[in-house]
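>>> coords please:
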Amino acid sequence: MLNGPGSHPGRPPLSREDWVFLNINDRICVRWENGVVNYGTVDVVAPDASIFWIWLDSGRGRVALHEDDNVSVWFEEERPWLCPEPLTPPSNNLPECLSAAPVRLPMAD
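The predicted model follows:
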């Protein structure tokens with residue numbers, strides 16, 4: 001995506017209404033409510049664009065971003081100064097939803 005909201009330097013983040021401009025494989029930059037910044041690749045966008053999924057860089061997994069989440073989203077090429085080096089933060093800098101220990105489910109008999 002080279003034209004449209006959030007696609008020019010100095011522009012504010014995409015509004016929730018602008019999530020309709022996201023496409024599969026778009027590279028985006030996400031700033032979480034706690035200030036942590038991650039890069040990722042758009043995987044799926046819901047038809048109404050109220051939710052979309054991204055694969056986070058550095059093997060951090062796949063996360064869903066919902067319109068009610070308190071996140072800021074830009075196209076990656078427009079915010080390189082937010083995350084100037086390859087993303088390798090310590091695990092304590094991850095959003096809470098990504099920093100929890102894995103949950104082991106009981107095996108079915």
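
>>> What pLDDT is listed against residue 57?
The predicted structure scores residue 57 at 93 on the pLDDT scale.

>>> Isn't it up against residue 29?
No - under the criterion of Cβ atoms under 8 Å, residue 57 is not in contact with residue 29, lying 10.2 Å apart. Bear in mind the C-beta positions are built from the backbone N, C-alpha and C, glycine included.

>>> quick one: low-confidence ranges for this protein?
With pLDDT under 70 as the threshold, the chain has low-confidence stretches at 1-11, 78-109.

>>> ok, now with 50
Residues of the chain meeting the criterion pLDDT under 50: 1-9, 83-91, 99-103.

>>> which residues of it fall in helices?
Assigned by DSSP state H, the chain shows helices spanning 96-99.

>>> on that earlier part again, quickly list what's touching both of residue 57 and residue 29.
The overlap between the contact sets of residue 57 and residue 29 (Cβ atoms under 8 Å, 6 or more residues apart in numbering) consists of 38, 39.

>>> out of these two, which sits in the more crowded spot?
Remark: of residue 57 and residue 29, residue 29 carries more neighbours, 22 against 16, as counted by other Cβ atoms under 10 Å.

>>> can you tell me how far that one sits from residue 56?
With the distance defined as Cβ to Cβ, to the nearest Å, residue 29 ends up 11 Å from residue 56.

>>> Many thanks, I have nothing further to ask.
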